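1. structure of the sequence below:
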Amino acid sequence: MPPAAVFSQASGGVLIASPSTFLREQVVHSLNDARPVQQALGGAEALVKLETGNWQVLFLDRRLPDLDAEELIETIHRRFPDIEVVVLDSNSRHPLPLATASADCTAQLDRAHLDRIPKAFAHGRVGRSSENKTWRYSPGQSEIDPLPGMIGQSEAMQRLYRITRLVAPRATTVLIAGPTGTGKELVARAIHQLSTRAARPFLVVNCAAIPESLLESELFGHARGAFTGAVQSHLGRIQAAQGGTLFLDEIGELPMSLQAKLLRFLEHKEVQRLGSTDTVRVDVRVVAATNAELLQVVDAGKFREDLYYRLAAFPLELPSLAERVEDIVPLAEHFLALLAAVNLPCPSLSTETIRILEAHSWPGNVRELQHVIECASILAEDSDSIRPEHLYFPSARRSWQAKKDGIGRSEV
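-> Presented below is the predicted three-dimensional model:
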């Protein structure tokens, strides 16, 4: 059945509600239909359009920036009982060829509705609730849900999700490696949330941000009178994380003087406060992170080899943003949706802007993308789309400045 024939026996238009430019364009392209099609960037805008038009089908992204999708669906069924609702997921980057479903997919659908709603999506399944006119699209079973707080369905991220979910329920020490800005702390938090320790504390220590003179006390605590100014005892982060997870960020910056003490804790699960002879047993899982090649730091004699292998009981390597190009647009649109929640309306990404974003090398990774999108949304002012002239790449300017400085030196 050609796409246009899908809606041939009914009147009414098609409304697509999603903050994702990619998803909206995919649905429009897949419909390839002469019927009226309009788009909304969020749930509130969709409700306004439903009030003012004649609609047959609403394609609704379950990841809305402003309203809860489930509550919105209930509202639509009460106020617009004749409208079919097809629930999609903008986290999926698969194409959505609406009229090329396999027989396996179409078997799930009520044949009486095949001339009124899309049949199915090639890479997933559509199921209809028996209680209302809601059709739900879900990716194929091989696709793994993102970790809490993370976005992206690229192959590199799918591997990360899979192995992280394997290790999360265990007590194994994890070492997360990856370039700056790739989301190492998000992965550490996900490991905690997916573990049996989720109800217990998750504490963070940035080993590079705390002076060496204070770091031992911060980690292990100190007894009253342990040093000048220690007027009372202090509970260290390790002991404070009892039953939970301790995240040691920038572990490669941990001073050599503390590495032996951390190694002893990892081996014996005991803490000895500074200035005290007593030891306390603690149950804490350690997750560490580094943006350095830690084995090179070991070879340079600045990190203990035995501590490295203790920490790297289960190593996780995060991909750079350049290794997951297909995730750039969903991430950018996610950041736009977050900004829109504070400062509506939410502009979309023009086709040329998408091309530029996907071609950029992103040395600052996801953090750089977030800052570029925030800057572009400001420069776009009241425009309904972000265009190339709104993009500003600090990393590109740094490269340009380096070249300029190099030319200047060669001319001297």
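2. C-alpha from now on. contacts and neighbour counts both.
-> Fine.
3. residues contacting whatever helix or strand Lys49 lives in, please?
-> Using DSSP states H and E, the element containing Lys49 is helix 43-52. For helix 43-52, the external contacting residues (C-alpha atoms under 8 Å, 6 or more residues apart in numbering) are 15-18, 39-40, 64-67, 69, 72, 76.
4. in it, what's buried?
-> For helix 43-52, a neighbour-count test (16 or more other C-alpha atoms under 10 Å) marks Gly43, Ala44, Ala46, Leu47, Lys49, Leu50 as buried.
5. now stretch 323-342
-> For stretch 323-342, by 16+ other C-alpha under 10 Å, it's 323-340.
6. stretch 355-362 now?
-> Leu357, Glu358, Trp362.
7. now it - C-alpha only, CSV.
-> Extracted in CSV, the C-alpha atoms of stretch 355-362 (Å, rounded to 0.1, in the frame of the first residue of the first chain):
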residue,chain,number,x,y,z
ARG,A,355,25.3,19.5,8.3
ILE,A,356,27.8,21.9,10.1
LEU,A,357,27.2,20.3,13.5
GLU,A,358,27.8,16.8,12.2
ALA,A,359,30.9,17.9,10.3
HIS,A,360,32.6,19.6,13.3
SER,A,361,35.3,17.7,15.1
TRP,A,362,34.0,18.5,18.7
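8. any idea of the mean pLDDT for that stretch?
-> Averaging pLDDT along stretch 355-362 gives 94.
9. ok, stretch 59-77 next?
-> pLDDT averaged over stretch 59-77 gives 84.
10. that one: end-to-end distance?
-> 14 Å (C-alpha to C-alpha, to the nearest Å).
11. how distant is that stretch from the center of its chain?
-> In terms of C-alpha atoms, centre = their mean, to the nearest Å, the centre of stretch 59-77 is set 21 Å apart from its chain centre.
12. for it, buried residues please.
-> The neighbour-count check on stretch 59-77 (16+ other C-alpha under 10 Å) flags 59-66, 69, 72-73, 76-77 as buried.
13. can you pull out the low-pLDDT segments for this protein?
-> The chain contains residues with pLDDT under 70 at 1-11, 30, 32-35, 90-143, 224-231, 342-345, 395-412.
14. domain map for it?
-> 3-139, 155-317, 322-402 (automatic domain parsing).
15. in TSV, list those domains along with distance to Gly149.
-> Below are those laid out as TSV (distance: least, C-alpha to C-alpha, whole Å):
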stretch	distance to Gly149
domain 3-139	12
domain 155-317	7
domain 322-402	11
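16. please name the nearest non-neighbouring residue to the residue nearest to the spatial centre of the chain.
-> Closest to where the C-alpha atoms of the chain average out (C-alpha atoms, centre = their mean) is Met150, at 1.9 Å. Sequence neighbours aside, Leu186 is the residue nearest to Met150 in space, at 7.1 Å (criterion: C-alpha to C-alpha, 6 or more residues apart in numbering).
17. restricted to helices, list the buried residues of stretch 59-77.
-> The helices in this structure, assigned by DSSP state H, contain Ala69, Leu72, Ile73, Ile76, His77 from the buried residues of stretch 59-77.
18. give me the buried positions along the helix or strand where Arg24 lies.
-> Per DSSP H and E: Arg24 is located in helix 21-31. Across helix 21-31, burial judged by 16+ other C-alpha under 10 Å covers Thr21, Phe22, Leu23, Arg24, Gln26, Val27, Val28, Ser30, Leu31.
19. repeat for stretch 201-219
-> Neighbour count says stretch 201-219 has 201-208, 212, 215-219 buried, by 16+ other C-alpha under 10 Å.
20. can you lay out these as a markdown table showing secondary structure and distance to Gln232?
-> Converted to a markdown table, the buried residues of stretch 201-219 look like this (DSSP: H, G, I helix; E, B strand; the rest coil; distance: C-alpha to C-alpha, whole Å):
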| residue | secondary structure | distance to Gln232 |
| --- | --- | --- |
| Pro201 | coil | 23 |
| Phe202 | strand | 25 |
| Leu203 | strand | 22 |
| Val204 | strand | 23 |
| Val205 | strand | 21 |
| Asn206 | strand | 24 |
| Cys207 | coil | 24 |
| Ala208 | coil | 26 |
| Glu212 | helix | 20 |
| Leu215 | helix | 17 |
| Glu216 | helix | 16 |
| Ser217 | helix | 12 |
| Glu218 | helix | 14 |
| Leu219 | helix | 16 |
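21. now, which of the residues you listed sits nearest Gln158?
-> Phe202 (24.7 Å; C-alpha to C-alpha).
22. is it true that that closest one touches His192?
-> Yes. The pair Phe202 / His192 is scored as a contact, 7.1 Å apart, by C-alpha atoms under 8 Å.
23. what do these two both touch?
-> Gly244, Thr245.
24. for the closest residue to Ile144 other than its chain neighbours, grab the count of nearby residues.
-> Spatial nearest neighbour of Ile144, chain neighbours left out: Gln158 (6.2 Å); criterion: C-alpha to C-alpha, 6+ apart. Gln158: 18 surrounding residues under other C-alpha atoms under 10 Å.
25. so Gln158 is in which element?
-> helix 155-167.
26. packing partners of that helix?
-> For helix 155-167, the elements it packs on are helix 184-193, strand 314-317, judged by 3 or more C-alpha pairs under 8 Å, 6 or more residues apart in numbering; DSSP states H and E.
27. winner for burial among those?
-> helix 184-193 (a mean of 22; mean count of other C-alpha atoms under 10 Å).
28. need the three-state assignment for Asp145.
-> coil (DSSP: H, G, I helix; E, B strand; the rest coil).
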